[in-house]
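Q: Attaching a predicted model along with its sequence, questions to come.
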Amino acid sequence: MARKKSAATIEAEIAKVKSDMEKLQGRYDTLAEKLKELEAQKRRAESEAIMDAYVKSGHSLDEVLTFLQP
């Protein structure tokens with residue numbers, strides 16, 4: 001037969017789980033911010049690549065936009 005836990009033991013476990021969750025939330029927030037920053041960097045790099053291709057192409061802006069539109 002399993003022993004029953006005391007209320008104090010359960011409270012201690014609850015406090016530990018809450019503390020662990022707060023630490024994980026902080027780590028999650030940090031990683032989410034880093035992901036957001038990396039995605040912005042990727043968009044900037046893609047924008048620069050598109051602009052470089054446009055400049056090298058010799059086509060007008062209207063020609064490029066017509067080609068890109070669905």
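A: Received, thanks.
Q: Against which helices or strands is the lowest-mean-pLDDT helix or strand in the chain packed?
A: Ranking every helix and strand in the chain by mean pLDDT, DSSP states H and E puts helix 61-68 at the bottom, with a mean of 89. Applying 3 or more CB pairs under 8 Å, 6 or more residues apart in numbering; DSSP states H and E, we find helix 61-68 packed against helix 7-57. C-beta here means a position set from N, CA and C on the backbone, and glycine is covered the same way.
Q: Just the mean pLDDT for the helix it packs on, thanks.
A: For helix 7-57, the mean per-residue pLDDT is 96.
Q: still on that earlier bit, not counting the least confident helix or strand of the chain itself, show me its contacts.
A: The contact list for helix 61-68, computed with CB atoms under 8 Å, 6 or more residues apart in numbering, reads 54, 57, 59.
Q: so what's residue 55 up against?
A: Counting by CB under 8 Å, 6+ apart, residue 55 has no contacts.
Q: on that earlier part again, hey, C-alpha coordinates of the least confident helix or strand of the chain in PDB?
A: Extracted C-alpha coordinates of helix 61-68, given in PDB (Å, rounded to 0.1, in the frame of the first residue of the first chain):
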ATOM      1  CA  LEU A  61      10.000  48.000 -61.900                       C
ATOM      2  CA  ASP A  62       6.700  47.500 -63.700                       C
ATOM      3  CA  GLU A  63       8.000  44.500 -65.500                       C
ATOM      4  CA  VAL A  64       9.300  42.900 -62.300                       C
ATOM      5  CA  LEU A  65       6.000  43.600 -60.500                       C
ATOM      6  CA  THR A  66       4.000  42.200 -63.300                       C
ATOM      7  CA  PHE A  67       6.100  39.000 -63.300                       C
ATOM      8  CA  LEU A  68       5.700  38.600 -59.500                       C
END
